[in-house]
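>>> model the following, please.
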Amino acid sequence: MDGAKASDVISAAFAAQRAKVAERRLNFGYAARRAALKNLSRAIRKNEAAIFAALKSDFGKPEAEVVLSEILPVTQEIHHTLRNLRRWMRPVRVMPSLVTLGTSARIVPQPRGVCLIVAPWNYPFNLSLQPLVSCLAAGNSAIVKPSEMTPATSALIVRIISETFPPDLVTVIEGGKYVSQALLALPFDHIFFTGSPAVGKVVMEAASKNLTSVTLELGGKSPTIVGPDADIDLAAKWIAFGKFINAGQTCIAPDHLFVHASVKDRFLAALRMRIMAAYGSGAGSPHLAKIVNDHHARRLAGLLDDAKAKGARVLAGGSAQGRSIEPTLIEAITPEMEIDREEIFGPVLPVITYDDIGSALARINARPKPLSLYVFDRDKARVDHILSATSSGGVGVNLTVAQYSHAGLPFGGVNNSGIGSSHGHHGFRAFSHERAVLRNRFSALPLIFPPYVGLAKRLLDLGKRILG
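Numbers count the residues shown, from 1 in each chain. Coordinates of the predicted model:
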């Protein structure tokens, strides 16, 4: 959908939702929000077979991986929200300060209004609908823009949403770059974007023209450290899982690996064995998703070719068949290689040997702050030192990617890897305005109203001494 037709559809959808903002503030309360979330949950269960088919068409994803990474995150978010929504919606009492004695204070979560959710292609079902759960829980309406790069899943989302919600509550608009630009030009009350840091900057610039608040879930080169006292088998299992789920097309996947020299040989042997056990040899494993399209498959091949031409060595894997790329390990990475600069976003894992943790930390801290950092080591003091010396959106200690699944933890980046947080209460707050409400009961503040003489001056002097 492009051109004038797209502009008309987008403007009409936005106007329909904007017209209902005042009504939703009055009528879209606790019961209505719960009903909306339960309807979404039923729709997902009803369409499970169609979800499997759509993601197989777009990615060749194994059904088990669809359940684990696309369906369960959304249904868990709904379940967790339904159990906690009443508490989240409840105003929070705040104790008075010295100046506000005689008043009562509350923080009241209020819907922001009409929200835009722009979803990426790598987890197209999950990352379209999980933010929608938080958006509806907070009492908003939403326009959802799924990725045009996963057409089967995008079309399915259109059908599910149109069958589940009225368009003045939730509308899905498909399209490419033009549609995204037209949407971003509108004065939404909040924009939730998941994607690359480069596009995140474009979204933030567009939002600034309307002073729209944003949540940006971005990415970056998430480092992984295997320390000298790591549990080798445990590290191999978790790193293989975190790196190669969805064929490495995961914003929190280990991007590159620092392995202590004393355990390198044992770790690489264990990692090769784990990869072989999970995916076999060669490209085309039924347990490994495909790259999303030919363009990205060529991009990954180019990164690997550039690295090999500049001296990198392939330790395992390296074969490809169209959009199927074998899990690949490489070493001897140098700063001149594109793979050392770009977020890899595929099943290629560079291995970097280190002797001194200071050198590894220096390389990590020289880059923009990543979305995730992973550390494998049984020495708690060493782990704590690494965490204190670095900054990242989240951390996994002796595991990978599972921090995304914890409903009680905020999920989000820092600076280049994102702004704001999502999931659970953090997602509810992202889509809410925390409104300050102060009620006068018997405030003594008029005693210091002007003129500032006599009692007023004495009270001000007393306050200054107390707070001095």
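>>> once you drop chain neighbours, what's closest to residue 181?
If the residues on either side of it in the chain are set aside, residue 181 comes closest to residue 206, at 7.8 Å by CB to CB, 6 or more residues apart in numbering. Placement of C-beta: from N, CA and C, glycine included.
>>> now residue 19: phi and psi?
The main-chain torsion angles of residue 19 are listed as degrees, to the nearest 10 and equal phi -70, psi -20.
>>> if we can go back for a sec, hmm, the residue nearest to residue 181 is touching residue 182, no?
No. If you go by CB atoms under 8 Å, residue 206 and residue 182 don't touch, sitting 10.5 Å apart.
>>> on that earlier part again, tell me which element the residue nearest to residue 181 is part of?
Taking DSSP states H and E as the definition, residue 206 sits inside helix 197-209.
>>> so where's this protein shaky on pLDDT?
Low-confidence segments of the chain (pLDDT under 70): 1-4.
>>> dead centre of it: give me the residue that sits there.
Within the chain, the residue whose C-alpha comes closest to the C-alpha centroid is residue 217; the distance, by CA atoms, centre = their mean, is 4.3 Å.
>>> and that one, how far is that from residue 393?
Shown here: residue 217 relative to residue 393, a distance of 9 Å by CB to CB, to the nearest Å.
>>> how far away from the center of its chain is the host helix or strand of residue 257?
Take DSSP H and E as the rule and residue 257 turns out to sit in strand 256-260. Between the mean C-alpha point of strand 256-260 and the mean C-alpha point of its chain there is a distance of 24 Å (CA atoms, centre = their mean, to the nearest Å).
>>> and stretch 297-308, by the same measure?
From the chain centre to the centre of stretch 297-308 is a distance of 26 Å (CA atoms, centre = their mean).
>>> and what of stretch 277-295?
The chain centre lies 24 Å from the centre of stretch 277-295; the measure is CA atoms, centre = their mean.
>>> buried stuff in it?
278, 279, 283, 284, 285, 288, 289, 290, 291, 292 (16 or more other CB atoms under 10 Å).
>>> list the contacts of the helix or strand hosting residue 244.
In this assignment (DSSP H and E), residue 244 forms part of helix 232-244. Residues from elsewhere that reach helix 232-244, judged by CB atoms under 8 Å, 6 or more residues apart in numbering: 224, 226, 250, 252-254, 257, 263, 266-267, 270-271, 273-275, 278-279, 288, 327, 347, 349, 374, 376, 396, 398-401.
>>> same deal with stretch 288-300?
So stretch 288-300 is in contact with 58-62, 65, 121-122, 149-150, 244-247, 249, 279, 320, 322-325, 327, 344-348, going by CB under 8 Å, 6+ apart.
>>> and the helix holding residue 206, how far from the chain's centre?
In terms of CA atoms, centre = their mean, the centre of helix 197-209 is found 16 Å from the chain centre.
>>> next: stretch 301-321.
The gap between where stretch 301-321 is centred and where its chain is centred comes out at 29 Å by CA atoms, centre = their mean.
>>> now stretch 333-344
24 Å.
>>> next, the buried residues of it.
Applying 16+ other CB under 10 Å to stretch 333-344 flags 333, 337, 339, 340, 343, 344 as buried.
>>> so how do I select the buried members of the contacts of stretch 288-300 in PyMOL?
Buried residues among the contacts of stretch 288-300 (16+ other CB under 10 Å), as a PyMOL selection:
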select buried, resi 58+59+60+61+62+65+121+122+149+150+244+245+246+247+249+279+320+323+324+325+327+344+345+346+347+348
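>>> and the strands in the stretch 51-200 of the chain?
In order along the chain, the stretch 51-200 of the chain carries the following strands (DSSP state E, counting those that start in this stretch): 92-94, 103-111, 114-118, 141-145, 170-172, 190-194.
>>> contact partners of the first one?
Taking CB under 8 Å, 6+ apart as the criterion, the residues outside strand 92-94 that touch it are 104, 105, 106, 107.
>>> and those, which is closest to residue 211?
Closest approach between the contacts of strand 92-94 and residue 211, by CB to CB: residue 107, at 21.9 Å.
>>> do you know how far the residue lying closest to the closest one once chain neighbours are set aside is from residue 430?
With sequence-adjacent residues excluded and distances taken as CB to CB, 6+ apart, residue 107 is closest to residue 92, at 4.4 Å. To residue 430, residue 92 is 16 Å away according to CB to CB.
>>> between the two, who's got more neighbours?
residue 430 (24 against 11; other CB atoms under 10 Å).
>>> how close does the nearest residue to that one once chain neighbours are set aside sit to residue 436?
Nearest-residue entry for residue 430: residue 215, 4.9 Å, with adjacent residues in sequence omitted and distances by CB to CB, 6+ apart. Relative to residue 436, residue 215 is positioned 21 Å away (CB to CB).
>>> so between these two, which is more surrounded?
When residue 215 and residue 436 are compared on other CB under 10 Å, the one with more neighbours turns out to be residue 215, at 23 against 10.
>>> hang on, the more buried one in a strand?
Yes. Assessed with DSSP: H, G, I helix; E, B strand; the rest coil, residue 215 lies in a strand.
>>> what's across from it in the sheet?
Under DSSP bridges, the beta-bridge partners of residue 215 are residue 192.
>>> contacts only, for it.
Contacts were defined as CB under 8 Å, 6+ apart; by that measure residue 215 touches 131, 190, 191, 192, 193, 412, 418, 419, 420, 421, 422, 430.
>>> which one of those is nearest to residue 115?
For residue 115, the closest of these turns out to be residue 190, at 4.5 Å, with distances computed as CB to CB.
>>> surely that closest one meets residue 117?
No. Under the contact definition of CB under 8 Å, residue 190 does not touch residue 117, with a separation of 9.2 Å.
>>> for the closest residue to residue 448 other than its chain neighbours, which three-state class applies?
Closest residue to residue 448 in three dimensions, ignoring its sequence neighbours and counting by CB to CB, 6+ apart: residue 456, at 4.6 Å. Three states are possible here, and by three-state DSSP the one that applies to residue 456 is helix.
>>> so what's residue 456 up against?
Residues in contact with residue 456, defined by CB under 8 Å, 6+ apart, are 447, 448, 449, 450.
>>> check these and tell me the two furthest apart.
447 and 450 (11.4 Å).
>>> if you count what's nearby, which of these two comes out ahead?
Here residue 447 and residue 450 are compared on neighbour count by other CB under 10 Å; more neighbours surround residue 447, at 11 against 6.
>>> and the nearest residue to residue 77 once chain neighbours are set aside, how far is that from residue 345?
When the adjacent residues along the chain are set aside, residue 77 lies closest to residue 133, with 4.6 Å between them (CB to CB, 6+ apart). With distances taken as CB to CB, residue 133 is found 25 Å from residue 345.
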